[in-house]
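> Here is a sequence together with a model predicted from it:
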Amino acid sequence: MAASSSSALMVAAAVALGGGLVLVARRLMSSSGARAAGSGLMRGKTVIITGANSGIGRATAAELVREQARVILACRDRGRAEEAARELWLEGPGEVVIKELDLSSLRSVRRFCQEVVKEEPHLDVLINNAGIFQCPYMKTEDGFEMQFGVNHLGHFLLTHLLLSLLKSSAPSRIVVVSSKLYKYGEINFDDLNSEKSYSKSFGYSRSKLANILFTRELSRRLEGTGVTVNALHPGIVRTNLGRYINIPILMKPLFSVVSWAFFKSPEEGAQTSIYLATSPEVEGVSGKYFGDCKEEELLPKAMDDLVARKLWDISEIMVGLIR
């Protein structure tokens, strides 16, 4: 039985490697292209990226630094942010700034925004990138279910408190990183805090559906201001987002091979975020959903304006904007 299992793993690994080899040339070309000198498209512009010390956020920051932007790394772990910043300073002529932001703490979000509004004369792009994925049931500092609290409510308050600066800097952009997994989520207004029942998978999907509904409602409210907001899914990307997923120890080598072969690299996963933050092609485009730098259709539940408005109103109360 052990020999059979070992053989199966070897065959699966060989298949994964075979498929992965097809991607090697494209990956190498993509990597070399990503490190080419920037065009200076973002020269003089300030960008905030949440969760920018690793994964998609770090790859997005690297490209914007190459494009000569002033990039503010909004990160919970200052030590990891400083380590990322040291590497990013070598990427290009842009500027890198570190600011602490813990999206699981509304107090931290408010403090961060106060500093930004006080210190930054303008804000051209806000990229709501940070997220937590399929964690066990736990609550934020303010008592919210962690995935809903970080992925939706933390960014909801962050965006709201920076809107005045974004409006005064118009034309400006907001980019919201969602996920294709929104398709499996539902907004249950009777149990937004998952106190009656909790599924870590559905909890994540619900938070990503909330991201899209928030994007659509915010776009409606921003009409005529010169501030646009769009959501995106990055695809399946090799990041540390899946740290709460338990993979049997014997399967980890195979999973590593498969993920390398078939998942996007962080640089590839960042391309749509970069596109929405920088491209002249989406100037003035708002309230849309993108994947692989192209607009995509949404399921009807993600376009329900009544649910989006109700979620907005309840979110305002939850984060203390309305008492």
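Everything's here; your move.

> How many residues are close by the closest residue to residue 110 other than its chain neighbours?
Leaving aside its chain neighbours, residue 110 sits nearest to residue 161 (6.7 Å; criterion: Cβ to Cβ, 6 or more residues apart in numbering). Glycine gets a C-beta too; all of them are placed from N, C-alpha and C. By other Cβ atoms under 10 Å, the residues close to residue 161 number 18.

> quick one, what contacts residue 161?
Applying Cβ atoms under 8 Å, 6 or more residues apart in numbering, we find residue 161 in contact with 109-110, 113, 117.

> now residue 289
Residues in contact with residue 289, defined by Cβ under 8 Å, 6+ apart, are 178, 212, 215, 230-233, 295-298, 302.

> Run through the neighbouring helices and strands of the helix or strand where residue 218 lies.
Using DSSP states H and E, residue 218 falls within helix 200-221. Contact partners of helix 200-221 among helices and strands, from 3 or more Cβ pairs under 8 Å, 6 or more residues apart in numbering; DSSP states H and E: helix 146-147, helix 155-168, strand 172-177, strand 227-233, helix 305-318.

> who wins for proximity to residue 201 among those?
Closest to residue 201 of the helices and strands packed on helix 200-221 is helix 146-147 (Cβ to Cβ; 10.0 Å).

> just checking, what packs against the closest one?
Helices and strands in packing contact with helix 146-147 are listed as helix 200-221; criterion 3+ Cβ pairs under 8 Å, 6+ apart.

> tell me the mean pLDDT over the helix it packs on?
Average pLDDT, helix 200-221: 98.

> Okay, now the unreliable bits of the stretch 151-300 of the chain?
Residue ranges of the stretch 151-300 of the chain with pLDDT under 70: 237-263.

> now with 90?
Along the stretch 151-300 of the chain, segments meeting pLDDT under 90 span 236-264.

> coming back round to it: how about the helices and strands packed on helix 200-221 in a markdown table, adding distance to residue 85?
Supplementary listing: those in a markdown table, determined by distance: least, Cβ to Cβ, whole Å:
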| stretch | distance to residue 85 |
| --- | --- |
| helix 146-147 | 26 |
| helix 155-168 | 20 |
| strand 172-177 | 21 |
| strand 227-233 | 25 |
| helix 305-318 | 32 |
